[in-house]
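# I would like the atomic coordinates for the input below:
(one chain, ligands or ions: 1)
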Amino acid sequence: MSNPRQVAFTALKEVHKGAYTDVALDRVLQKYQLPDNDRRLMTELVYGSVRRQRTLDAIINQLGTKKSHQQPPDLRTILHLGLYQLRYQEKIPASAAVHTTVELAKTNGFSGLTGFVNGFLRQYLRLAETSSEPLKLPENPVERLGILYSFPNWIIEVWLKQLSFEETEKLCQWMNQTPTIDLRVNILKSDLEQVELTFKDAGILVRKIPYLPQGLRLISSTGAIQNLPGFQDGWWCVQDSSAQLVGHLLDPQPGEVIIDVCAAPGGKTTHIAELMGDEGKIYACDKTASRLRKLTENAKRLNLQSIEICTGDSRTFTQFHNIADRVLLDAPCSGLGTMHRHADARWRQTPASVHELAEIQQELISHTANFVKPGGILVYATCTLHPEENEEVITNFLEKNSHWQIEHPSFDFVDVSPSGWLKVWPHEQDMDGFFMVRLRKTKDSE
Ligand SMILES: C[S@@+](CC[C@H](N)C(=O)[O-])C[C@H]1O[C@@H](n2cnc3c(N)ncnc32)[C@H](O)[C@@H]1O
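Coordinates of the predicted model:
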């Protein structure tokens, strides 16, 4: 099978049965060898249809005689694919989008409904010709943004509690973009200039990232990352800008003892090792052995020796009491700051899952704060923008632990709140959403 739309349909069927989108995509990519262009189109159609599901369903609800959830599931998926191309893929001629969707219906058990599919998509096209927004949108701001940008209401509500309507709209738009790829240059093996030059020679465009001494952003499309120059030599790794900020906030020094309590797959652990000149000791702990294997591979490729792996639940470790100069808690979280990277995250998380995560985060910080020596540092970080997992975890912790205080970071390019924590809003900084805070344990605490 080499038809990219048919392969996209196969992947989407898996997603609708419960598979993670990236896992379903990987599976079909391995099974069906597609040329680069078709592979890109197929990936876009799959991610886009998952991401824009609520908007696409709203169109079906508006134009169809049956609501989207009453349609046969495979027909709904086919309509999503057609509508996604008509609404969001300007480069695809409308006639091609309609024709290929009708063909999909014909070859996937809906040959009796090709007239319906054709008529339905043409109805949408006629509306789009006469109105800049064919979709009828409700006045209620939560519903309006939720339908227009395809987010569940509860996420819009979380943002509207922290941002104005206009800012929330910008954030929604940002989260629907195709993600950018940032690199972190391994200063122990190479430098920015060398990597930039090597990429230039290979015809790949990158640009420096302001304020990040090791950061480069890819600005041309590249194909498989592992094939880019310098990857196998350990000159760089992939890490988003805001994740790089976390390492700088921790500010580890050569010779120190660091414990990274949720370390895998090691983006931040390896950054810490690089910042320490690979001198000192870093305990990289995680409960997921398979993710730790990735960390070991990454450390090997980057040629880092100072990392020791500890597999297990960091809430149960007793061997680290009072030994660390610095602890990093990059907590498991709902990922609301990185929804552009995980097309289905917005549909998987719920207020209840956020609440469960917040409990785990509280337990992790309460226990792992004991790993820090008197006078030492703990950095708490998440890639979510939900206050229950961020500000509330820290406020709660500080209320119960008077020997800990927030230390204001010296960054001047990201707004630091008066309380001292740092929240990266993607629509302002053009990087993943992140929360981070640096805490210090008083010297005289035992
Ligand atoms: C946000 S990810 C860490 C990403 C990592 N710091 C990096 O930069 O590559 C959170 C990690 O926490 C781990 N984790 C979740 N609960 C844990 C626990 N109780 N103890 C240790 N690790 C845990 C997960 O397996 C996951 O790898």
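
# nearest spatial neighbour of Arg438, skipping sequence neighbours?
Glu407 (4.7 Å; Cβ to Cβ, 6 or more residues apart in numbering). Just so you know, the C-beta spots here come from the backbone N, C-alpha and C atoms, and that holds for glycine as well.

# what about that neighbour, how many neighbours?
Glu407 has 15 neighbours, counted by other Cβ atoms under 10 Å.

# quick one, what contacts it?
Ile377, Gly420, Arg438, Leu439, Arg440 (Cβ atoms under 8 Å, 6 or more residues apart in numbering).

# the second one belongs to a helix?
No. According to DSSP: H, G, I helix; E, B strand; the rest coil, the state of Gly420 is coil, so it is not within a helix.

# give me the buried entries from the contacts of Glu407.
Ile377, Arg438, Leu439, Arg440 (16 or more other Cβ atoms under 10 Å).

# and the last one, what helix or strand is that in?
Read it as Arg440. With secondary structure defined by DSSP states H and E, Arg440 is part of strand 434-441.

# per-residue pLDDT of Lys443, please?
Lys443 carries a pLDDT value of 88.

# where's it relative to Asp415, distance?
30 Å (Cβ to Cβ, to the nearest Å).

# now Thr338
Counting by Cβ to Cβ, the gap from Thr338 to Asp415 is 20 Å.

# of those two, which one has the most company?
A side-by-side neighbour count of Thr338 and Asp415, using other Cβ under 10 Å, places Thr338 first with 22 against 12.

# quick check, that one in a strand?
No. Assignment of Thr338 by three-state DSSP gives coil, placing it outside any strand.

# report the contact partners of the residue in the stretch 1-150 of the chain that the ligand sits nearest to.
At 15.1 Å from the ligand, Tyr20 is the closest residue in the stretch 1-150 of the chain, using Cβ to the nearest ligand atom. Neighbouring residues of Tyr20 by Cβ under 8 Å, 6+ apart: Asp344.

# returning to what we had before: can you give me the pLDDT of the residue nearest to Arg438?
At Glu407, the pLDDT value in this model is 96.

# show me where the stretch 301-446 of the chain has helices.
Here the stretch 301-446 of the chain has its helices, by DSSP state H, counting those that start in this stretch, at 345-348, 351-368, 391-400, 426-429.

# want to throw the ones you listed into JSON lines with distance to the ligand?
Below are the helices of the stretch 301-446 of the chain laid out as JSON lines (distance: least, Cβ to the nearest ligand atom, whole Å):
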{"stretch": "helix 345-348", "distance to the ligand": "13"}
{"stretch": "helix 351-368", "distance to the ligand": "6"}
{"stretch": "helix 391-400", "distance to the ligand": "14"}
{"stretch": "helix 426-429", "distance to the ligand": "17"}
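
# tell me which parts of the stretch 151-300 of the chain are close to the ligand?
Applying Cβ under 6 Å from any ligand atom, we find that the stretch 151-300 of the chain lies next to the ligand at 243, 262-268, 285-288, 291.

# in TSV, list those residues along with distance to Asp38 and secondary structure.
Converted to TSV, those look like this (distance: Cβ to Cβ, whole Å; DSSP: H, G, I helix; E, B strand; the rest coil):
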residue	distance to Asp38	secondary structure
Ala243	32	helix
Cys262	38	coil
Ala263	37	coil
Ala264	33	coil
Pro265	29	coil
Gly266	33	coil
Gly267	31	helix
Lys268	36	helix
Cys285	42	strand
Asp286	37	strand
Lys287	39	coil
Thr288	34	coil
Arg291	31	helix
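
# which residues are in contact with the one helix or strand Gly247 maps to?
In the assignment (DSSP H and E), Gly247 maps to helix 241-250. Residues from elsewhere that reach helix 241-250 (Cβ under 8 Å, 6+ apart): 182, 184, 209, 212, 214-215, 217, 258, 267-268, 271-272, 275, 326, 328, 330, 337, 377, 379, 381, 383, 409, 411, 414, 422, 424, 429, 431-434, 436, 438.

# tell me the helix or strand right after it.
Next element after helix 241-250 (DSSP H and E): strand 257-260.

# hmm, who's touching that next one?
250, 252, 268-269, 272, 276, 280-285, 320, 323-328, 330, 368, 371.

# residue ranges with poor pLDDT in the stretch 1-150 of the chain?
The model of the stretch 1-150 of the chain has pLDDT under 70 over residues 1.

# now the strands for the stretch 101-250 of the chain?
Ranges of strands within the stretch 101-250 of the chain are 181-185, 206-208, 215-218, 236-238, based on DSSP state E, counting those that start in this stretch.

# partners of the longest one in the sheet?
Think strand 181-185. strand 215-218 (antiparallel), strand 236-238 (antiparallel) (DSSP bridges).

# do you know how far the spatially most central residue of the chain is from the ligand?
Taking Cα atoms, centre = their mean, the centroid of the chain lies closest to Thr338, which sits 2.9 Å from it. Using Cβ to the nearest ligand atom, to the nearest Å, one gets 10 Å for the distance from Thr338 to the ligand.

# cool, and His340?
From His340 to the ligand the distance is 16 Å (Cβ to the nearest ligand atom).

# correct me, but that residue touches Thr180?
No. If you go by Cβ atoms under 8 Å, His340 and Thr180 don't touch, sitting 9.0 Å apart.

# higher neighbour count, these two?
His340 (19 against 15).

# list the contacts for that one?
With contact set as Cβ under 8 Å, 6+ apart, His340 has these partners: Trp174, Met175, Asn176, Gln177, Thr178, Pro179, Pro426.

# ok, it to Tyr84 distance?
In terms of Cβ to Cβ, His340 sits 16 Å off from Tyr84.

# quick revisit: let me have the strands paired with strand 181-185 in JSON lines, extended by mean neighbour count.
Shown next, in JSON lines, are these (neighbours: other Cβ atoms under 10 Å):
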{"stretch": "strand 215-218", "mean neighbour count": "20"}
{"stretch": "strand 236-238", "mean neighbour count": "21"}
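
# format those strands as JSON lines; extra columns: mean pLDDT and distance to Gln70.
Shown next, in JSON lines, are the strands paired with strand 181-185 (pLDDT from 0 to 100; distance: least, Cβ to Cβ, whole Å):
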{"stretch": "strand 215-218", "mean pLDDT": "96", "distance to Gln70": "43"}
{"stretch": "strand 236-238", "mean pLDDT": "97", "distance to Gln70": "42"}
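
# could I get those strands in a markdown table, plus columns for distance to Gln71?
Shown next, in a markdown table, are these (distance: least, Cβ to Cβ, whole Å):
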| stretch | distance to Gln71 |
| --- | --- |
| strand 215-218 | 39 |
| strand 236-238 | 39 |
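
# tell me the pLDDT of Gly281.
Residue 281: Lys, not Gly. 98.

# next, count neighbours for it.
For Lys281, the number of neighbouring residues by other Cβ under 10 Å comes to 17.

# is it in a bridge, and if so with what?
Beta-bridge partners recorded for Lys281 (DSSP bridges): Val257.

# tell me how far stretch 274-290 lies from the chain's centre.
22 Å (Cα atoms, centre = their mean, to the nearest Å).

# repeat that for stretch 416-435.
Relative to its parent chain, stretch 416-435 has a centroid offset of 15 Å by Cα atoms, centre = their mean.
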